[in-house]
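Chemist: need the 3D shape of this:
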Amino acid sequence: MAETKEMKGPELLKLNSRQLRGTIAEELAGDADHLSKDAAGLLKFHGSYQQDNRDERGGGGKSYMFMVRTRIPGGKVTAAQFLTHLDLCDEYGNETLRITTRQGFQLHGVPKTNLKAAVQGINQSLLDTFCACGDVERNVMCCPAPFRNNPVRDEMQAMADRIAEHLKPKTTAYHEIWLQDDEGEKIPLAEFKPVDEPIYGATYLPRKFKTGIALPEDNCIDLHTQDLGFLAVVENDAIAGYNVLVGGGMGVTPAKKTTFPAVAKPMAYVTPDQVVAVAEAIVKVQRDFGNREDRKHARMKYLIADWGLARFKAKVEEYFGAKLPAPHPTVVTDAEDHVGWHEQGDGKWFLGLNVENGRVKDEGDFRLKTALRTLLAKYPVETRLTALQGIIFCDVEEGWKEDFESILKSHGVKLADELSLVRRYSIACPALPTCGLSITESERVMPQAIDQIEVELAKYGLEGEKVAVHMTGCPNGCARPYTPDVGLVGKAKGKYTMYLGGNARGTRLAYIYKDMVPLEELGSTLSPALAYFAQDRQNGETFGDFCDRKGQGDVAAFAEGFETVAGA
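Modeler: All right, here's what the predicted structure looks like:
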């Protein structure tokens, strides 16, 4: 284990927290409308963030509220669980439900007085919020598409469940604070009995940890942006093994020049029966050697950057107890959004529904929340949440399809043929008014940004191109903005850094194309690059691949000349 130094800040808080209890229970019972800084820090492990609604501040004081996140491995949600969350957002939150970029749910605008009831409601639906946030393994992502004609997808989903369950902390703090025992009695908090945490130890991880599972032809969960990724190697319609990718992460702190986004690198090949043990070994290496003195340099990507991949792999092999072979030649080749109708392979269909920026709401003629209530009450099918913040309705009978479409359209919900690919492949973080890190808008202005980009694509006959656009309100990268064709990262109020040269497959980092671009000029700023692409692309080349091949200097030079001609 790495040499330990005197602990401080979050590390000391975790150490003295009585396995994530702290003073949360006592403060929940108090009259204040918010929790103390320490309690709010520990609250993240329980799946909730204390936030301040900047739109509702009065007289300079903070307007406290809470976000509650449900942990859903692989995004698998029953109709009853979905309906429960729709009820909870109305009863305890701000009447909207959010689908996250990690296949989870979020309730927003929950006051402290409703917090415990909201968490209990989620648990009563047989889901939970435990460790949906915090310095632990978070929601394990997996391709949600329910193709039934071979067992590969089901095997991946089962593996996501196994990893999530194995890497879940053992502390009983969550149940003691939020839930009741089988007899309906509250478990006495005074009877704290520490349990062994064989994976996390006394201080859990230095920072958050994210894991995903994907297929080479369908990297819909952005495997390379994860701390730990498993890329399925399929032979004879079965999973022979997985390539293990390590060290992805999107967060950047502008004031700290040593921080950077990173894509995960292939480290080894493992058989399916080795996956969980290798995942545990990797988590333990990060636990023991990740940076605990500087949280801005604590993600596993920095440990790998400091050590090099060879040294990191050797340490993982030491913890695992055996050598691991080199990665298989298999690599990611494509990514799908699963929007529209698809045959499952068993005589039934699934319908993928785009939810713009993941916000489920009723607003004017757009009544998605009511449509979902109507649809799932009438057809209680399993649903899946996607990494592009959409919904998949599984196991739809042929005879139901027309009614499905009718219910959605009558509530102002657009289907696949009514949406451009650029809108379908766009995602955004919540940003203002509730995220404390946000510099500027994201979710609320993303539709406006896509409107602009759609106009420019049409101008050059590129309406049918798959162009992925991700937007965040700050550089922390929650919507994975550093790997798509176009990344928009909040830099100042109403202004963004524009990145080009990634791709929808999520396999490489983009480069900075233009800085401090005003919101209203996003489309016009992108326009010259799109014109260049339409003029000089190679056969089958995507926009991101084109920008990568040409490079920042070439694209910028064309844009400068293009602007000169256009302005002449």
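
Chemist: ok, the residue nearest to A534 when sequence neighbours are not counted - how many residues close by?
Modeler: Distance criterion CB to CB, 6 or more residues apart in numbering; nearest residue to A534, sequence neighbours excluded, is Y460 at 4.0 Å. Where C-beta positions appear, they are placed from N, C-alpha and C, glycine not excepted. Using other CB atoms under 10 Å, the number of residues around Y460 comes to 15.

Chemist: now swap in G551 and tell me
Modeler: When neighbours are counted by other CB under 10 Å, G551 registers 13.

Chemist: neighbours of T258, how many?
Modeler: 10.

Chemist: one step back: return the distance of the residue nearest to A534 relative to L167.
Modeler: Going from Y460 to L167 by CB to CB, to the nearest Å gives 47 Å.

Chemist: on that earlier part again, next one: phi and psi at the residue nearest to A534?
Modeler: phi -110, psi 20 (degrees, to the nearest 10).

Chemist: mind listing what it touches?
Modeler: By CB atoms under 8 Å, 6 or more residues apart in numbering, the residues touching Y460 are L530, A531, F533, A534.

Chemist: doesn't the third one belong to a helix?
Modeler: Meaning F533. Yes. Membership of F533 in a helix is supported by DSSP: H, G, I helix; E, B strand; the rest coil.

Chemist: excluding chain neighbours, what is closest to it?
Modeler: Per CB to CB, 6+ apart, closest to F533 is F546, 4.9 Å.

Chemist: confidence score at the one you found?
Modeler: Looking at F546, its pLDDT is 98.

Chemist: what number of residues lie near it?
Modeler: Using other CB under 10 Å, F546 has 22 other residues around it.

Chemist: ok, of the contacts of Y460, which come out buried?
Modeler: L530, A531, F533, A534 (16 or more other CB atoms under 10 Å).

Chemist: isn't the second one right next to E563, touching?
Modeler: No. With contacts defined as CB atoms under 8 Å, A531 does not count as touching E563, sitting 10.5 Å away.

Chemist: what touches both of those two?
Modeler: Residues touching both A531 and E563 (CB under 8 Å, 6+ apart): none.

Chemist: just the CA trace of stretch 501-519, in PDB.
Modeler: What follows is stretch 501-519, C-alpha atoms only, in PDB (Å, rounded to 0.1, in the frame of the first residue of the first chain):
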ATOM      1  CA  GLY A 501     -12.200  16.000 -34.100                       C
ATOM      2  CA  GLY A 502     -13.700  13.400 -31.700                       C
ATOM      3  CA  ASN A 503     -16.400  11.100 -33.000                       C
ATOM      4  CA  ALA A 504     -19.700   9.500 -32.200                       C
ATOM      5  CA  ARG A 505     -17.800   6.300 -31.400                       C
ATOM      6  CA  GLY A 506     -16.100   8.100 -28.500                       C
ATOM      7  CA  THR A 507     -12.700   6.600 -29.300                       C
ATOM      8  CA  ARG A 508     -10.500   9.700 -29.200                       C
ATOM      9  CA  LEU A 509     -10.200  13.200 -27.700                       C
ATOM     10  CA  ALA A 510     -11.200  16.200 -29.700                       C
ATOM     11  CA  TYR A 511      -9.100  19.400 -29.900                       C
ATOM     12  CA  ILE A 512      -9.900  23.000 -29.100                       C
ATOM     13  CA  TYR A 513     -11.200  24.700 -32.300                       C
ATOM     14  CA  LYS A 514     -12.400  28.000 -31.000                       C
ATOM     15  CA  ASP A 515     -12.600  29.500 -27.500                       C
ATOM     16  CA  MET A 516     -15.100  31.900 -26.000                       C
ATOM     17  CA  VAL A 517     -17.800  31.400 -28.600                       C
ATOM     18  CA  PRO A 518     -21.100  33.100 -27.700                       C
ATOM     19  CA  LEU A 519     -24.100  30.900 -27.600                       C
END
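
Chemist: what mean pLDDT does it have?
Modeler: Here the average pLDDT along stretch 501-519 is 98.

Chemist: among the contacts of Y460, which one lies nearest to A79?
Modeler: Nearest to A79 among those, counting by CB to CB, is L530 at 41.3 Å.

Chemist: what separation do you get for the closest one and H470?
Modeler: 17 Å.

Chemist: ok, K414 next?
Modeler: Using CB to CB, K414 is found at 20 Å from H470.

Chemist: so Q106 sits in a strand?
Modeler: Yes. Applying three-state DSSP, one finds Q106 inside a strand.

Chemist: ok, and the closest non-adjacent residue to it?
Modeler: Q106's closest residue in space is R98 (CB to CB, 6+ apart), at 4.2 Å.

Chemist: what of E454?
Modeler: Closest residue to E454 apart from its sequence neighbours, by CB to CB, 6+ apart: S420 at 5.4 Å.

Chemist: burial of that neighbour, as a residue count?
Modeler: Neighbours of S420 (other CB under 10 Å): 18.

Chemist: who's in contact with it?
Modeler: Each residue near S420 by CB under 8 Å, 6+ apart is listed here: I450, E454, L457, E463.

Chemist: could you give the number of residues near the last one?
Modeler: The burial count assigned to E463 is 12, neighbours taken as other CB under 10 Å.

Chemist: what's the answer for the first one, then?
Modeler: The local packing count at I450 equals 25, with neighbours defined by other CB under 10 Å.

Chemist: same drill for K414 and H470, tell me which one is more crowded.
Modeler: Higher neighbour count among K414 and H470: H470, with 32 against 15, using other CB under 10 Å.

Chemist: direction included, what does the helix or strand harbouring that one pair up with?
Modeler: Taking DSSP states H and E as the criterion, H470 maps to strand 469-472. Strand 469-472 has its sheet partners listed here by DSSP bridges as strand 426-428 (parallel), strand 486-492 (parallel).

Chemist: most packed of the ones you listed?
Modeler: Highest mean neighbour count among these (mean count of other CB atoms under 10 Å): strand 426-428, with a mean of 29.

Chemist: picking that back up, how near is the residue nearest to F533 to V152?
Modeler: 32 Å.

Chemist: and what of G551?
Modeler: 37 Å.

Chemist: check E11 too.
Modeler: Using CB to CB, E11 is found at 41 Å from V152.

Chemist: who has more neighbours, those two?
Modeler: Ranked by neighbour count (other CB under 10 Å), E11 and V152 place E11 first, with 21 against 16.

Chemist: what packs against the strand or helix carrying that one?
Modeler: According to DSSP H and E, E11 maps onto helix 9-15. For helix 9-15, the contact count by 3 or more CB pairs under 8 Å, 6 or more residues apart in numbering; DSSP states H and E identifies helix 37-43 as packing neighbours.

Chemist: number of residues surrounding R69?
Modeler: Counted with other CB under 10 Å, the neighbours of R69 add up to 25.

Chemist: wait, a strand at it?
Modeler: Yes. The assignment for R69 by three-state DSSP puts it in a strand.

Chemist: would you enumerate the residues in contact with it?
Modeler: Contact analysis of R69 by CB under 8 Å, 6+ apart lists G47, S48, Y49, T100, G104, F105, Q106, T129, A132, C133.

Chemist: the third one pairs with what?
Modeler: To tie it back to what came earlier, the one meant is Y49. With DSSP bridges as the criterion, Y49 is bridged to M67.

Chemist: now the helices for the stretch 151-300 of the chain?
Modeler: In the stretch 151-300 of the chain, the helices defined using DSSP state H, counting those that start in this stretch lie at 152-166, 173-178, 275-289, 300-307.

Chemist: likewise the stretch 401-550 of the chain?
Modeler: Using DSSP H, counting those that start in this stretch, helices in the stretch 401-550 of the chain cover 401-410, 421-424, 446-459, 522-536, 543-567.

Chemist: what about these, which gets the closest to A326?
Modeler: Among the helices of the stretch 401-550 of the chain, helix 543-567 comes nearest to A326, with 25.9 Å by CB to CB.
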